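# What would the 3D arrangement of this be:
(chains A, B, C and D)
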There are 2 protein chains.
Amino acid sequence: MADEVQQTPKRGRRPGGTDTRAALLAAAREVFSEQGYDGATVRTIAARAGVDAAMVNHWFGGKEALFGEAVLQLPFNPKEIIAHLLEGGIDDLGTRIVRAFLTTWDAQGGGVFAALIRSVAAHEQVADVLREFFLKNVFAQLAGKVADDRPDLRANLVASQMIGLGVVRYVAKFDPLAESDVEALVRAIGPNVQRYLTGPLD
Amino acid sequence: MADEVQQTPKRGRRPGGTDTRAALLAAAREVFSEQGYDGATVRTIAARAGVDAAMVNHWFGGKEALFGEAVLQLPFNPKEIIAHLLEGGIDDLGTRIVRAFLTTWDAQGGGVFAALIRSVAAHEQVADVLREFFLKNVFAQLAGKVADDRPDLRANLVASQMIGLGVVRYVAKFDPLAESDVEALVRAIGPNVQRYLTGPLD
DNA sequence: ATAATAGTTCAACATATGTTGAATTAGCCC
DNA sequence: GGGCTAATTCAACATATGTTGAACTATTAT
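Coordinates of the predicted model:
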């Protein structure tokens, strides 16, 4: 009598070749982007992926490992980008750095950059990881190409302008900078970056 | 016989004119500086102040209100600083802005700047408050003094370089920039800020 | 087909945290 | 000095969160 329709069973393995791991990674990138490390809960991420929270531990071993795979696995390869930039010579390198920076992060809607900043700000450990990352992937490559005196400082100065640009455009969202089009900002900021690369520092 | 020394009683009102409210404010500034809004727990702040966690609710009504009084009440007056900077004319304003920025935040050991960034990053609301604050106290004053074309964008650009400098020096702590002395950075960064103020933007 | 394995959910645990109310004590006013 | 008020601590609550183990089901291997 009881017309209990056999719904999709709640427990046990799902039918079909579902890729829960990939779904979690995608959801994690989204939620970490929106909420930062602390704000993003395992439950929220799992819900977005349509699976149980326990899957995070099953597939990644925990929240922190998931973060490592989701956010630090950037949606592009910085090493390649920089190598490519350096091929173009150093004369208008500042301009090209700014353009590459903006087009790269704009493509993500700025969310990934904001997530990185949030995580760096919240966790000293994350800051350490990123510092290491910058040193090996960005600064090391730049150092050999810029002017001879104080190349490390020059790389830091470039980083300061780029990070500040990212914070103002993607996190704090100051107008009109947040709404300006890429080429206008390239013209405004590029020459300053160029001075950090090849100009006199005092 | 029992030589039980009468220790300071654990409960009840304390003897002497203790200013618990001020102690909490001081502790809150410290802990928020070190840990950011989420990282700083009410219990940690209260412990640092040497009182019970319930005092936060008693004196401030809750953690959020305490944060508002502790961190947003900056240890200096930005409006005055900027007004003073503008009195010196516009020719080397960029240099003087960088010097004022560094000496101001260096005095706090960089902790207050880091706390602001952490809070902005973690809470959208805090970001709104600060954006408003910047607009009224900083940008509005600058806008009338810089070059005529696109004064708002110029102010944003200056902010981007200053914020980036702060993040690299106080939050991410990239070397050698984090360890450089103030005047070296003034010489390196000042001219770039000056260009944002008075130079051509394209 | 049957057994083994991997994937999945559920419930529960342990911990951390902001908050609250009762109990307790010091200062103040008459 | 006696009562009233404010200050303070303690214990407990409610909630949120990362994690874990048991139970259950689809797939895979034999």
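# Only C-alpha atoms from now on, for both contacts and neighbour counts.
Fine.
# what about the strands in chain A?
With DSSP state E, there are no strands along chain A.
# Just the buried positions in the lengthiest helix in chain A, please.
The residue-count maximum for a helix in chain A (DSSP state H) belongs to helix A:20-39. The neighbour-count check on helix A:20-39 (16 or more other Cα atoms under 10 Å in any protein chain shown) flags A:20-21, A:23-37, A:39 as buried.
# if I look at A:G111, how far off is A:Y170?
Counting by Cα to Cα, to the nearest Å, the separation of A:G111 from A:Y170 is 7 Å.
# do A:R11 as well
Distance, A:R11 to A:Y170, using Cα to Cα: 41 Å.
# Over to A:M55?
31 Å.
# More neighbours: which of those two?
For A:M55 versus A:Y170, neighbours defined as other Cα atoms under 10 Å in any protein chain shown are more numerous around A:Y170 (22 against 17).
# tally of neighbours for the nearest residue to that one once chain neighbours are set aside?
Counting by Cα to Cα, 6 or more residues apart in numbering or on different chains, A:Y170 lies nearest to A:G110, which is 5.2 Å off, once chain neighbours are set aside. Other residues lying near A:G110 total 18 when counted by other Cα under 10 Å.
# wait, A:G110 sits on A:K173?
No. Taking contacts as Cα atoms under 8 Å, A:G110 lies outside contact range of A:K173: 10.2 Å.
# what is the rounded mean pLDDT of stretch A:154-166?
Stretch A:154-166 comes out with an average pLDDT of 93.
# Report the buried residues of it.
For stretch A:154-166, burial by neighbour count (16+ other Cα under 10 Å) applies to A:154-166.
# Equivalent analysis for stretch A:101-116, please.
By neighbour count on 16+ other Cα under 10 Å, the buried set for stretch A:101-116 is A:101-102, A:104-106, A:110-116.
# With respect to chain B, which of those is nearest?
Among these, A:A114 lies closest to chain B (Cα to the nearest Cα), at 7.7 Å.
# the domain parsing of chain A - what is it?
According to automatic domain parsing, chain A comprises the domains A:20-70, A:78-198.
# can you tell me which of the ones you listed comes nearest to B:E69?
Proximity to B:E69 (Cα to Cα) singles out domain A:78-198 among those, at 20.9 Å.
# That closest one: how far from the chain's middle?
On the basis of Cα atoms, centre = their mean, to the nearest Å, domain A:78-198 sits 12 Å off its chain's mean C-alpha point.
# Name the residue of chain A that lies nearest to chain B.
A:G164 (3.5 Å).
# Excluding sequence neighbours, find me the nearest residue to that residue.
B:G164 is the one closest to A:G164 (Cα to Cα, 6+ apart), at 3.5 Å.
# on that earlier part again, in terms of secondary structure, what does the longest helix of chain A contact?
In this structure, helix A:20-39 packs against helix A:42-49, helix A:63-70, helix A:111-122, helix B:111-122, with contacts taken as 3 or more Cα pairs under 8 Å, 6 or more residues apart in numbering or on different chains; DSSP states H and E.
# what's next to that helix, contact-wise?
Here helix A:20-39 makes contact (Cα atoms under 8 Å, 6 or more residues apart in numbering or on different chains) with A:40, A:44-46, A:48-49, A:51, A:56, A:59, A:66-67, A:69-71, A:111-116, A:118-119, A:122, B:122.
# For DNA strand C, give me its nearest residue in chain A.
DNA strand C sits closest to A:G12 of chain A, with a gap of 2.7 Å, by Cα to the nearest atom of the strand.
# Roughly how far does that residue sit from A:V51?
For A:G12, the distance to A:V51 - Cα to Cα - is 12 Å.
# sorry, back to before: among the helices and strands packed on helix A:20-39, which comes closest to A:E87?
helix A:111-122 (25.4 Å).
# Isn't the residue of chain A closest to chain B up against B:V158?
No. Using Cα under 8 Å, A:G164 is not in contact with B:V158; the gap is 9.5 Å.
# Pull the number of nearby residues for A:G199.
15.
# Tell me the residues on chain A that lie near DNA strand C, please.
A:10-14, A:18-21, A:50-55, A:58 (Cα under 7 Å from any atom of the strand).
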